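Q: just to be clear, the model below is a prediction. Sequence and coordinates:
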Amino acid sequence: MRKPQMLVAAVLSLALTMATPPASAQFTFNLLHTFTGGTDGNYPEGGVIQDADGNLYGTTAFGGVNCENQGCGTVFKIDKNGQYTVLYRFLGGSDGAAPRAGLARDAGGNLYGTTQGQGGVGAASTVFKVDKNGNETVLFNFNQAGVGGSANSTPILDAAGNLYGTTPAAFIDHCHFKGKIYECGLVFRLSKSGAFTLVHTFKSKTTGINPNGNLVMDASGNLYGSTVFGGYGGSAACGLGYNFFGCGTVFKIGKDGKFSLLHVFHGKADGSFPVGVVGDGAGNLYGITDSGGDLKCSPELRGCGNIFKIDNTGKFSVLYEFHPQFPGLIMYNNLFRDSQGNLYGTNEGGGAHAGGYLFKLDAKGNFTDLYDFPITSSSDGASPFGAIRAPTGDFYGTLGMGGAAGCGFLGNGCGTVFKLTP
């Protein structure tokens, strides 16, 4: 899940004050691929998905070809035998550039995703499809339609093959407050035949600003998601100087299109800046906030974030408050569940080496540090951008930094793909 860039500085300052955490559980780390920039790819921001045969698929935001020599991004595959293949390299024109989110996959093996676009090179923000042979089709071009842009969340597929997603900007409807105009975002539907529908546009600070992270759809066709900002209009303790914009919301859009707020964050015990939600099939939602929780845990008194639940009756509860050695205040994290009700997630910063960590929160609320990633300069990589748990119990994911020495921005590495075996 992609999160606001303004959180990076907080990660660096917080890392300097971390206490030594308890020992991690025992895992074997396997390096599946090291990105080397150029046509190979760089900055695997969207994590990976896995098919029934054990093959992995993902994106890199940069690398490939074009785009002022930094590359416009790629779609890649790592087969079950470890063979790495670039399925598609974006060209930076109408096909898009900078796929910063992950992928969805249908039963036919087709991959779906979004490109954020790069204004500096005139690239489009798009919804795309890549078939199993590497052929790319642009399903929707936000730039040409003029309805929104900067798409940076993974689309979801319903049973009929329709796609749903969000963009943080909505060019046709604006938020107006205090004499200024803001782009507050939208939720869209793209039918299997290619028809684009605006499901919802965010027009008011009170209902949310900038939908972030992936949507969740229940069995009845209702959609759920979160906005990073907006909601609470008082003097909130959201942190990072963004009180004016609000602390974020969790929303529901019914199958009939009716919009409602499930929770408005106040930036204190309940948290602030939610970064997406996941469902459990029983109507309950779970998510992570960047800030809030225990306000005393950070030097700036903004909190280290928490893990929350909204049950199927609408009741909100905090399941876990992050602490300085395990902060939620980081640029990227993701949350996922297993069939036993355990929650897992990764955080880009924190842990024993300040290189990020993989954690587990069981159904009873017990928190376990499963694995601590190394420092940024490690050849294994650092800063996890997402992970999944396979049916075998292994974890797979991407690390956004480290890997090949001298590669990437400031020589911090172009990232890696990893496997963790219990």
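A: Sure, I can see it. Computed from a predicted model, the values in this text were never measured in an experiment.

Q: hey, what's Gly225 bridged with?
A: Residues in a beta bridge with Gly225, per DSSP bridges, are Phe251.

Q: please read the previous query as pertaining to Gly397.
A: Counting by DSSP bridges, the residues bridging with Gly397 are Ala387, Phe418.

Q: ok, whatever helix or strand Val275 lives in: who's next to it in the sheet?
A: Val275 is part of strand 272-279, with elements assigned from DSSP states H and E. For strand 272-279, the paired strands and their directions (DSSP bridges) are strand 285-291 (antiparallel).

Q: chain center to the partner strand, what's the gap?
A: 12 Å (CA atoms, centre = their mean, to the nearest Å).

Q: try stretch 123-131
A: Using CA atoms, centre = their mean, the offset of stretch 123-131 from its chain centre is 18 Å.

Q: so for the strand holding Val275, mean pLDDT?
A: Mean per-residue pLDDT for strand 272-279: 91.

Q: then it to PDB, C-alphas only?
A: Output of strand 272-279 as PDB, limited to C-alpha atoms (Å, rounded to 0.1, in the frame of the first residue of the first chain):
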ATOM      1  CA  SER A 272      -4.700   8.800  12.300                       C
ATOM      2  CA  PHE A 273      -3.800   8.400   8.600                       C
ATOM      3  CA  PRO A 274      -5.300   4.900   7.900                       C
ATOM      4  CA  VAL A 275      -3.500   3.100   5.000                       C
ATOM      5  CA  GLY A 276      -6.100   0.700   3.700                       C
ATOM      6  CA  VAL A 277      -8.300  -2.100   5.100                       C
ATOM      7  CA  VAL A 278      -8.600  -5.800   4.700                       C
ATOM      8  CA  GLY A 279     -11.700  -8.000   5.200                       C
END
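
Q: quick check: buried residues in stretch 399-415?
A: By 16 or more other CB atoms under 10 Å, the buried positions in stretch 399-415 come out as Leu399, Gly400, Met401, Gly402, Gly403, Ala404, Cys407, Gly408, Asn412, Gly413, Cys414, Gly415. C-betas here are computed from N, CA, C, even on glycine.

Q: from the chain's centre, how far out does that stretch sit?
A: With CA atoms, centre = their mean, you get 20 Å for stretch 399-415.

Q: can I get it as CSV, trimmed to CA atoms?
A: Taking Å, rounded to 0.1, in the frame of the first residue of the first chain, the C-alpha atoms of stretch 399-415 are listed here in CSV:
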residue,chain,number,x,y,z
LEU,A,399,12.2,-5.0,-0.5
GLY,A,400,12.4,-1.5,-1.9
MET,A,401,16.0,-0.7,-1.1
GLY,A,402,19.3,-2.5,-0.9
GLY,A,403,20.4,-5.3,-3.1
ALA,A,404,22.8,-4.4,-5.9
ALA,A,405,25.5,-1.9,-4.6
GLY,A,406,25.4,1.4,-6.3
CYS,A,407,22.1,0.8,-8.0
GLY,A,408,19.0,3.1,-7.7
PHE,A,409,18.6,6.5,-6.2
LEU,A,410,21.6,7.7,-4.3
GLY,A,411,23.1,4.3,-4.8
ASN,A,412,20.9,2.7,-2.1
GLY,A,413,20.1,-0.3,-4.2
CYS,A,414,17.2,-1.1,-6.6
GLY,A,415,15.5,-3.6,-4.3
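
Q: quick check, nearest of the buried residues of stretch 399-415 to Thr249?
A: Gly400 (27.3 Å; CB to CB).

Q: surely the closest one meets Glu45?
A: Yes - with contact defined as CB atoms under 8 Å, Gly400 counts as touching Glu45 (6.2 Å).

Q: okay, now the residue lying closest to Leu32 once chain neighbours are set aside: neighbour count?
A: Sequence neighbours aside, Val417 is the residue nearest to Leu32 in space, at 4.4 Å (criterion: CB to CB, 6 or more residues apart in numbering). Neighbour count for Val417, taken as other CB atoms under 10 Å: 25.

Q: residue contacts, Val417?
A: Contact analysis of Val417 by CB atoms under 8 Å, 6 or more residues apart in numbering lists Leu31, Leu32, His33, Pro44, Val48, Leu56, Gly58, Ile78, Tyr396, Gly397, Thr398, Leu399.

Q: let's see it at 10 Å
A: Going by CB atoms under 10 Å, 6 or more residues apart in numbering, Val417 touches 30-35, 44, 47-48, 56, 58, 76, 78, 82, 84, 381, 396-399, 403.

Q: please list only the buried members of the residues you listed.
A: Counted by 16+ other CB under 10 Å, those give 32-35, 44, 47-48, 56, 58, 76, 78, 84, 381, 396-399, 403 as buried.

Q: OK, contacts around Gly397?
A: Gly397 neighbours (CB under 10 Å, 6+ apart): 32, 44, 47-48, 56, 58, 334, 346, 356, 358, 373, 381, 384-389, 416-420.

Q: show me where the protein has its helices.
A: 8-15, 142-145 (DSSP state H).
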